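Trainee: Generate coordinates for the sequence data below:
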Amino acid sequence: QVHVQESGPGLVKPSQTLSLTCTVSGASISTTPYYWNWIRLPPGKGLEWIGYITYGGTTYFSPSLKSRTSISRDTSKNQVTLELEFVSPEDAGIYYCTRVGNRGLIDAWGQGTQVTVSS
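Mentor: This next block holds a predicted model:
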């Protein structure tokens, strides 16, 4: 059974870079056909897709965040990392790492990690 766990700093200052790690167990991040997604839930708003990295390492990003976002992976550690540059209070929320399986359906979620942006 796949287990997904997000980790990272709970507090980031404005204009800094947010870095979050998704550690996966029970499955390899390189296994087809799975993608590894980052999604966030801003306070008082709906879920927002950030981007994903495929089993082969290809990345895709939300157009609204593409200029500030990178997603990478460490296959030796079975981890996926999200970096979001120049954060502002609008980037606060709960960040989730998820696995996308067949037919584009999410079949695993992490518990989420809370991010606050404040000086």
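Trainee: measure the closest residue to Ser70 other than its chain neighbours to Lys13 for me?
Mentor: Among residues not flanking Ser70 along the chain, Glu83 sits closest, at 4.7 Å (C-beta to C-beta, 6 or more residues apart in numbering). Quick note: C-beta positions are derived from backbone N, CA and C, even for glycine. According to C-beta to C-beta, to the nearest Å, Glu83 and Lys13 sit 15 Å apart.
Trainee: now do Ile106
Mentor: 31 Å.
Trainee: Same question for Gln114.
Mentor: Separation of Gln114 from Lys13 (C-beta to C-beta): 16 Å.
Trainee: Equivalent analysis for Glu90, please.
Mentor: When distance is defined by C-beta to C-beta, Glu90 is 14 Å away from Lys13.
Trainee: other SSEs contacting the lowest-mean-pLDDT helix or strand in the chain?
Mentor: Using mean pLDDT, DSSP states H and E, the weakest-scoring helix or strand in the chain turns out to be strand 106-109, at a mean of 94. Strand 106-109 sits against strand 3-7, strand 93-100, with contacts defined as 3 or more C-beta pairs under 8 Å, 6 or more residues apart in numbering; DSSP states H and E.
Trainee: Could you pull up the mean pLDDT of the shortest one?
Mentor: What it means is strand 3-7. Mean per-residue pLDDT for strand 3-7: 97.
Trainee: How far does the following helix or strand past that strand sit from its chain's centre?
Mentor: Next along the chain after strand 3-7, taking DSSP states H and E as the criterion, comes strand 11-12. Here the centre of strand 11-12 is set off from its chain's centre by 16 Å, with C-alpha atoms, centre = their mean, to the nearest Å.
Trainee: One more: stretch 28-43?
Mentor: Distance of stretch 28-43 from its chain centroid, counting by C-alpha atoms, centre = their mean, is 7 Å.
Trainee: Which residues outside it are in contact with it?
Mentor: Under the contact criterion C-beta atoms under 8 Å, 6 or more residues apart in numbering, stretch 28-43 has outside partners 20, 22, 24, 27, 47-56, 71, 73, 75, 78-80, 82, 90-102, 106, 112, 115.
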